[in-house]
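Asks: whatever this is, show me its structure:
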Amino acid sequence: MFNIPTPPQPSIVHPYALNTIFVGQKNRLTEISHWYKKGRLLLIDAPGGMGKTALVWHWLENNPDKALTSKNVLWWSFYEGGATFDAFLVHALAYL
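Replies: This next block holds a predicted model:
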């Protein structure tokens with residue numbers, strides 16, 4: 001199984017390899033920061049390949065409030081080997 005840190009340490013199970021230069025989306029990045037500070041649910045919905053993962057990963061790694069937003073984060077990708085929904089639930093519940 002995965003090593004599960006204790007909150008507020010972030011749990012980055014499957015790091016994202018952002019292998020291109022990220023440009024634009026300044027409004028979306030600001031929107032994500034506002035959402036995080038309010039502690040509400042945010043749904044980012046778009047077809048596959050539109051850059052949802054890159055957007056959120058870039059925000060997580062580069063936002064101005066990194067000291068705040070590196071806490072209580074669970075990052076999970078279902079594209080990795082062994083990343084089943086059951087494994088996610090076990091990890092998420094253990095982390096929380």
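Asks: after the helix or strand bottoming out on mean pLDDT in the chain, next one along is what?
Replies: The helix or strand of the chain with the poorest confidence is helix 66-69; it has a mean of 67 (mean pLDDT, DSSP states H and E). Remark: after helix 66-69, the chain's next helix or strand is strand 74-75, criterion DSSP states H and E.
Asks: please enumerate the helices of the protein.
Replies: Using DSSP state H, the helices of the chain run over 26-38, 52-62, 66-69, 85-95.
Asks: which residues touch N72?
Replies: Shown in contact with N72 (CB atoms under 8 Å, 6 or more residues apart in numbering): P7, P8, P10. In short, each C-beta sits where N, CA and C put it, glycine included.
Asks: leaving out sequence neighbours, find the closest residue to the last one.
Replies: Spatially, and ignoring its direct neighbours in sequence, P10 is nearest to V73 (4.1 Å; CB to CB, 6 or more residues apart in numbering).
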